[in-house]
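Asks: Fold the following.
(chains A, B, C and D)
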Protein chains: 2
Amino acid sequence: MSDPPAPPVTQAELEVADTIGKLMEFWGFKRPMGRLWTLLYLSPAPLGAAELGEQLKMSAGAISMALSDLLKWGAVKKTWRPGERRDFYEAETGVGKLVQRVLRERELELVRQFGDALANAEASLPKTGPRQSSDFKRERVQELRRLSKLGESLLTALVAGKSIDPTPILKVSGDS
Amino acid sequence: MSDPPAPPVTQAELEVADTIGKLMEFWGFKRPMGRLWTLLYLSPAPLGAAELGEQLKMSAGAISMALSDLLKWGAVKKTWRPGERRDFYEAETGVGKLVQRVLRERELELVRQFGDALANAEASLPKTGPRQSSDFKRERVQELRRLSKLGESLLTALVAGKSIDPTPILKVSGDS
DNA sequence: CTAAAGTTTCAAGAAGTTTTGAAACCTCAA
DNA sequence: TTGAGGTTTCAAAACTTCTTGAAACTTTAG
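Replies: Numbering: from 1, shown residues only, chains lettered A, B, ... in the order given. Predicted coordinates for the structure are as follows:
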């Protein structure tokens, strides 16, 4: 009732976990989330917190936090095993859907905030400042606003599964 | 020869700079890079390191480092003013091109490394491991490899300015 | 109701990152 | 060749973020 006889996680698996951990980190998530998800993704059967901690050399606390983040994003699901008291977890395998969700809930949100912040800033630019330079500045801020609108519509299309055409971006704030 | 009479940078401008700083940070760059670029972008004339440092309350060292990063990415260009000895800088305004370059040189590179790492890991998975579970794991690693290939081709298309169709992603590693 | 197993929270410590300030280094003019 | 103005480098300080471990909490079995 306590003794995991053989650790069935190979070196190679841990490498995959670390690789994905780095990728997730690059993507703005925490590295442990990626490592943990990977172990679950590679496991034929759901795993419990204890196994995960043991394999990844993470404390119970760290496991708990990473799992709750993963659950929030729907990247991991809780399951139960008939007799067992403790919780088990399994990976959500629909990576595409996960990516889509992050784009929708995080990136799109970010672009919107960005646009709002620019709108506010524009409003508080002096109507006509020292010299005529504030007209120039206003122009530039507007250009950035166009960019953010464009990003917003591209992301929206992506999230809706529509094809997107990147050429408009190249013309934004552009010279040539 | 030393006295900037009136600081022509308004509060609103600094807010824009901070906003873009945060955005850049989110994008995996350093916040000061974004703040600095913004000041240049909003300035009708090139600025020198000293002005930048004064406006943004950054030390000369920090300015120098941020500028060299920006120069590396082509986000800022060096210029000279007739009589003046010191360097001046101006922002590259072609934001679209900059984005494209980052996608090409950084994101694409990352996806490639990711694919390579997976390939290596797959190679070092036991041919037939304990139970038959290593077949399962191999399947899953292959699925991840498909994902990385797909990401690579989407990015490549984006960078080449071609339209992309996101629907294949939704099917990767997917259930439904 | 109590105790055991499991999980979550959170303050303190560890690790990592960014910023600074001073020294080294260039470059040009005299 | 020297020195003033300007820039870059880099070790140390300041700050942030991450991880741990212990305590508090929850749940279930007896």
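Asks: my read: A:Ala91 touches A:Thr79, true?
Replies: No: with the criterion set as Cβ atoms under 8 Å, A:Ala91 and A:Thr79 do not qualify as a contacting pair; they are 11.0 Å apart. Just so you know, the C-beta spots here come from the backbone N, C-alpha and C atoms, and that holds for glycine as well.
Asks: who's more crowded, those two?
Replies: Here A:Ala91 and A:Thr79 are compared on neighbour count by other Cβ atoms under 10 Å in any protein chain shown; more neighbours surround A:Ala91, at 23 against 12.
Asks: who touches that one in this structure?
Replies: A:Ala91 makes contact with A:Trp37, A:Leu40, A:Tyr41, A:Ser43, A:Ala75, A:Val76, A:Lys77 under the criterion Cβ atoms under 8 Å, 6 or more residues apart in numbering or on different chains.
Asks: Can you tell me how far the residue nearest to A:Gly28 when sequence neighbours are not counted is from B:Glu109?
Replies: Of all residues beyond its chain neighbours, the one nearest A:Gly28 is B:Phe26 (6.6 Å), with distances taken as Cβ to Cβ, 6 or more residues apart in numbering or on different chains. In this structure, B:Phe26 lies at 19 Å from B:Glu109, with Cβ to Cβ, to the nearest Å as the measure.
Asks: what does the strand or helix carrying A:Glu109 contact?
Replies: Take DSSP states H and E as the rule and A:Glu109 turns out to sit in helix A:108-123. Around helix A:108-123, the neighbours that count as contacts under Cβ under 8 Å, 6+ apart are A:138, A:141-142, A:144-145, A:148-149, A:151-152, A:155-156, A:159, B:12-13, B:15-16, B:19, B:23, B:26.
Asks: DNA strand C next: which of those residues are close?
Replies: Restricting the contacts of helix A:108-123 to those adjacent to DNA strand C (criterion: Cβ under 7 Å from any atom of the strand) removes every one of them.
Asks: For ChimeraX, what selects the buried ones among the residues you listed?
Replies: Typed into ChimeraX, the line below selects the buried ones among the contacts of helix A:108-123, using 16 or more other Cβ atoms under 10 Å in any protein chain shown:
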select /A:138,141,144,145,148,151,152,155,159 /B:12,13,15,16,19,23
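Asks: Report all helices and strands that the helix or strand that contains A:Leu158 contacts.
Replies: Using DSSP H and E, A:Leu158 sits in helix A:133-159. In this structure, helix A:133-159 makes packing contacts with helix A:108-123, helix A:167-171, helix B:11-26, helix B:31-42, judged by 3 or more Cβ pairs under 8 Å, 6 or more residues apart in numbering or on different chains; DSSP states H and E.
Asks: No further questions, thank you.
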